[in-house]
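Chemist: Coordinates only, no sequence provided:
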């Protein structure tokens with residue numbers, strides 16, 4: 001290993017994934033293309049991580065040269081993966097932000113069915129917290145403000161376009177009720 005690989009980096013997060021209680025992938029984002037380049041390698045890694053963690057009562061695991069922090073809720077397992085020399089507290093702050101943000105969006109129903117019914121919001125939350133492996137935000141309230149703004153503003157544009165196409169000019173004045 002050369003000395004540059006031990007240098008501090010903004011690219012803290014290698015992957016984020018959410019699995020159900022059978023170890024099936026519900027969401028995954030890999031930020032390091034060299035880490036597990038194929039879907040098969042990713043799913044293999046996720047299976048190994050799940051097998052090591054789903055019965056454990058810890059919050060952190062070390063596997064395949066990776067630091068993994070995780071949390072479970074009802075029938076879901078949340079994972080944030082970093083390199084072996086990554087600060088566990090940084091990874092844990094990402095995990096907690098993800099969990100708390102999703103808990104708010106899902107109205108405290110952090111379980112498989114609710115998660116699947118709200119995947120658009122789940123992806124928005126992940127994208128507000130991490131971009132390309134760089135941690136953007138670790139405060140759930142900030143994430144929720146950004147996500148709520150995006151969720152609230154996007155449908156409004158759709159209604160305006162729909163009203164314009166259908167010629168419903170009266171409907172345009174009612175769009176303030178959406179916000």
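Modeler: Alright, I've got the coordinates. Worth saying up front: this structure is predicted, and the values here are computed from it rather than measured. Numbering: from 1, shown residues only.
Chemist: so where do the strands sit in this structure?
Modeler: Along the chain, counting by DSSP state E, strands occupy 13-20, 25-30, 60-63, 66-73, 76-83, 130-131, 134-135.
Chemist: Output the contacting helices and strands for the third one.
Modeler: Think strand 60-63. Counting contacts by 3 or more Cβ pairs under 8 Å, 6 or more residues apart in numbering; DSSP states H and E, strand 60-63 is packed against helix 39-53, strand 66-73. Where C-beta positions appear, they are placed from N, C-alpha and C, glycine not excepted.
Chemist: would you turn these into TSV with distance to residue 120 and mean pLDDT?
Modeler: Below are the helices and strands packed on strand 60-63 laid out as TSV (distance: least, Cβ to Cβ, whole Å; pLDDT from 0 to 100):
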stretch	distance to residue 120	mean pLDDT
helix 39-53	22	96
strand 66-73	20	95
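Chemist: Highest mean neighbour count out of these?
Modeler: Greatest average neighbour count among the helices and strands packed on strand 60-63 goes to strand 66-73 (a mean of 21), per mean count of other Cβ atoms under 10 Å.
Chemist: which residues touch the residue nearest the centre of the chain?
Modeler: Closest to where the C-alpha atoms of the chain average out (Cα atoms, centre = their mean) is residue 126, at 3.2 Å. Going by Cβ atoms under 8 Å, 6 or more residues apart in numbering, residue 126 touches 16, 27, 29, 98.
Chemist: Next, find the distance separating it from residue 54.
Modeler: Note on residue 126: its distance to residue 54, by Cβ to Cβ, to the nearest Å, is 21 Å.
Chemist: Residue 108 too?
Modeler: Taking Cβ to Cβ, one finds residue 108 at 23 Å from residue 54.
Chemist: Which of those two has more residues huddled nearby?
Modeler: For residue 108 versus residue 54, neighbours defined as other Cβ atoms under 10 Å are more numerous around residue 54 (14 against 11).
Chemist: Could you report the pLDDT at that one?
Modeler: In this model, residue 54 is scored at 90, pLDDT.
Chemist: what's the answer for the one 10 residues further on, then?
Modeler: The predicted structure scores residue 64 at 93 on the pLDDT scale.
Chemist: and it, how many neighbours?
Modeler: Residue 64 has 14 nearby residues by other Cβ under 10 Å.
Chemist: which stretches of this structure have low pLDDT?
Modeler: Flagging of the chain using pLDDT under 70 yields the residue ranges 1-9, 149-179.
Chemist: try it again with 80
Modeler: Applying pLDDT under 80 to the chain flags residues 1-11, 149-179.
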